[in-house]
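>>> how would this look folded up:
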Amino acid sequence: MYKILFFLCFPVLILAQKQKVGGTVMNTENEKLSSVKVELYNSQNTLIKELKTDENGKFILEGIAEQEVKLVVKNQ
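Residues are numbered from 1 along each chain as shown. The predicted model follows:
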């Protein structure tokens with residue numbers, strides 16, 4: 001099982017119009033992890049968007065409306 005280090009390019013709380021959040025998912029050996037599931041939830045814990053990281057461990061979630069959100073990263 002991997003321990004995941006997660007680096008965000010933007011804060012997790014998004015309080016502006018139509019934003020995007022992105023980052024790179026890496027393990028404790030600084031290896032970039034591909035195909036890791038990234039989920040975005042609103043304050044009512046409703047799934048807003050989901051995707052998997054690319055071959056370089058990167059992801060971008062775009063078109064996020066003004067609201068408080070929670071980002072969840074799962075390596076299955």
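>>> if I read this right, Lys52 contacts Val38, doesn't it?
Yes - the pair Lys52 / Val38 is scored as a contact, 7.1 Å apart, by Cβ atoms under 8 Å. Yep, even glycine has a C-beta here, placed from its N, CA and C like the rest.
>>> of those two, which one has the most company?
Set Lys52 next to Val38 and count neighbours by other Cβ atoms under 10 Å: Val38 wins out with 21 against 12.
>>> contact partners for the closest residue to Lys32 other than its chain neighbours?
Spatial nearest neighbour of Lys32, excluding adjacent residues (Cβ to Cβ, 6 or more residues apart in numbering): Gly57 at 3.1 Å. Counting by Cβ atoms under 8 Å, 6 or more residues apart in numbering, Gly57 makes contact with Thr24, Val25, Met26, Lys32, Leu33, Ser34, Val36.
>>> who does the first one bridge with?
Right, the one you point to is Thr24. Phe7, Lys58 (DSSP bridges).
>>> now swap in the fourth one and tell me
With DSSP bridges applied, the residues forming beta bridges to Lys32 are Met26.
>>> state the distance from it to Ile64.
To Ile64, Lys32 is 23 Å away according to Cβ to Cβ, to the nearest Å.
>>> and those two? Which one has more around it.
Using other Cβ under 10 Å, the more surrounded residue of Lys32 and Ile64 is Ile64, with 19 against 15.
>>> residue contacts, the more buried one?
By Cβ under 8 Å, 6+ apart, the neighbours of Ile64 are Ile14, Lys18, Gln19, Lys20, Val21, Leu40, Ile48, Lys49.
>>> hmm, 7 Å instead?
Residues near Ile64 by Cβ atoms under 7 Å, 6 or more residues apart in numbering: Ile14, Lys18, Gln19, Lys20, Val21, Leu40.
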